[in-house]
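# Return atomic coordinates for the entry below.
(one chain, ligands or ions: 1)
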Amino acid sequence: MLSRFDFPEGFIFGAATAAYQIEGSAFGGCGSSHWDTYSATPGNVVRGESGARACDHYHQWPADLDLLQAANLDGYRFSTSWARVMPDGVSINPEGVDFYDRLVDGMLARGLKPFQTLYHWEMPSALADKGGWTNRDTCHRFADFSEAITRRLGDRVASIATINEPWCVAWLSHFMGIHAPGLRDIRAAARAMHHILLAHGLAVERLRGMGQPNLGIVLNFDYAQPASDRPEDVQAAARWDGIFNRWFIEAITRQTYPEIVLEGLSPHMPANWQDDMATIGQKLDWLGINYYTRHLHAHDATQPWPHLRDVPGDRPKTQMGWEIYPEGLHHFLTRMAKDYVGDLPLHVTENGMANADLLEDGRVSDQVREDFLFSHLAATKQAIADGANVQGFFYWSLLDNYEWAEGYDKRFGLVHVDYDTLVRTPKSSYHALARALARNDQGTAR
Ligand code: FCB
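Next up is the predicted model:
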């Protein structure tokens, strides 16, 4: 069984959450976001559930931070909701900023390093009304938000990520229609694919100008493999790899977009997008990698570009139906180091699984999650041995929480949440991780 001592000294073990998924958007003067309205529209979210109460973390945060500390974790990845900090998208809600101020101090008091994410999807409705990420102006508003919240927290956070998962923000939400704002439109998608990166670049430029250290972005990756050896299926997987895995990292590190994706998106891109590439290609201080699964792809000539059809793989699947495929994490960690970022620090900012966990006699036994977690930690360790400069691993998620379009149906937590009583119960995976991360008597890793 792996332990803390199998990783380099100073390696950060943490857990991750996001504001809308846990806090409760009905509390503390938080403004409406596009997730409040998307979930209020029939057919978008399982049972029409929203994050209005979620895990009530807005009130229960001290106990939640205690759970992180008691698991022997070193860091906590959290997000600061734009709609809470700026309910109308532009002016500050002092109650919201005070909440994050207390939260960050609470982390520091417990010896937890705060890893902040600026955009984990709470687009204020007032800005969604103006087109959200299809509107270039939103990028400038995001830089303003980044500056405002950093003026308050920047002296205490260990690092800042601008955007969580631009692929989800742009493609999943504007092309596939599965997340807010729920569009299925290639022109909107192309704009969002570009503007989300411009927002990142403008925010990095602004924060670096303020002297803020440790700026990064969190990208998600999906291992794209062809469903067969047929050349058209190989090409289909390459298209998915381009849209999902290459678009964002190549824009940031090379200031270009992959040709295989421009083939489909060029006609729909905003005018003069090329002029933004230098802004997008700001130097990073670290890169966050979220990894969950792989997909097999086949060419589908009956569909418009990108002509894709998913084919189910043969590995065991999680409650989300996602194949368990730890080799993919090793693939992306070593691929990022080799092809894109060299020695730049990498963090696994999310990895985890949903499981139909049952609370029985006050306990939750989730051996399957323990196996998942330790197999992905082993893949991370192997990637380090193979030369990737990985400096942290954050399990998704600390708590069972609002899983977006899946509502409260899918449980990703190390800690079970009863959604009637809001009682938290650490699962067996939580206890296994806490044991693996126990420090020696001096409280240090060695
Ligand atoms: C990621 C999201 C996170 C959570 C996990 C399961 O795409 O960043 O909020 O929903 O998936």
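# which other helices and strands contact the longest helix seen in the chain?
Longest helix of the chain, by residue count under DSSP state H: helix 186-209. Here helix 186-209 touches helix 137-153, strand 159-164, helix 166-167, helix 173-174, strand 215-226, helix 247-254, helix 259-265, helix 277-280, going by 3 or more Cβ pairs under 8 Å, 6 or more residues apart in numbering; DSSP states H and E. Where you see a C-beta, it was placed from the backbone N, CA and C, and this is true even at glycine.
# What lies in contact with the third one?
Counting by Cβ atoms under 8 Å, 6 or more residues apart in numbering, the neighbours of helix 166-167 from elsewhere in the structure are 193, 196-197, 200, 217, 219-220, 243-244, 247-248.
# circling back to that earlier point, so which of the helices and strands packed on helix 186-209 gets nearest Arg53?
Among the helices and strands packed on helix 186-209, the nearest to Arg53 by Cβ to Cβ is strand 159-164 (21.9 Å).
# so, in contact with the ligand or not, the closest one?
Yes. Using Cβ under 6 Å from any ligand atom, strand 159-164 reaches the ligand at Asn164.
# by how many degrees do that strand and helix 186-209 diverge?
170 degrees (axes from the mean of the first three to the mean of the last three Cα atoms, to 10 degrees).
# And the average pLDDT for strand 159-164 is what?
Mean pLDDT, strand 159-164: 99.
# Can you list the strands that that strand pairs with?
Applying DSSP bridges to the sheet, strand 159-164 is found paired with strand 113-119 (parallel), strand 215-226 (parallel).
# interface residues of the stretch 51-200 of the chain facing the ligand?
Checking the stretch 51-200 of the chain against the ligand by Cβ under 6 Å from any ligand atom, the hits are 164-165, 168.
# Let's see that with 8 Å instead.
Within the stretch 51-200 of the chain, the positions lying close to the ligand (Cβ under 8 Å from any ligand atom) are 120-121, 164-165, 168.
# rewinding a little: can you redo the strands paired with strand 159-164 as TSV with mean neighbour count, mean pLDDT and distance to Thr421?
Below are those laid out as TSV (neighbours: other Cβ atoms under 10 Å; pLDDT from 0 to 100; distance: least, Cβ to Cβ, whole Å):
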stretch	mean neighbour count	mean pLDDT	distance to Thr421
strand 113-119	25	99	29
strand 215-226	23	98	32
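# want to try a markdown table for the ones you listed, with distance to Asp144 as columns?
Below are the strands paired with strand 159-164 laid out as a markdown table (distance: least, Cβ to Cβ, whole Å):
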| stretch | distance to Asp144 |
| --- | --- |
| strand 113-119 | 11 |
| strand 215-226 | 16 |
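# Those: which one's closest to Ala438?
strand 113-119 (18.1 Å).
# Next, the angle from that closest one to helix 137-153.
Counting by the same axes, to 10 degrees, strand 113-119 lies at 160 degrees to helix 137-153.
# right, and the helix or strand after strand 113-119?
Using DSSP states H and E, the next helix or strand after strand 113-119 towards the C-terminus is helix 125-128.
# Tell me the secondary structure at Gly177.
coil (DSSP: H, G, I helix; E, B strand; the rest coil).
# Phi, psi for it please.
Backbone geometry at Gly177, expressed as degrees, to the nearest 10, gives phi 70, psi 20.
# so how far is Arg239 from the residue nearest to it when sequence neighbours are not counted?
Excluding the flanking residues, the one nearest Gly177 by Cβ to Cβ, 6 or more residues apart in numbering is Arg184, at 3.9 Å. As for Arg184, its distance to Arg239 is 18 Å (criterion: Cβ to Cβ, to the nearest Å).
# which residues are contacting stretch 324-341?
By Cβ under 8 Å, 6+ apart, the list of residues contacting stretch 324-341 from outside reads 221-223, 245, 249-250, 253-254, 284, 287, 289, 291, 293-294, 313, 315-318, 343-344, 346, 348, 351, 353, 372, 375-376, 378-380, 382-383, 386-390.
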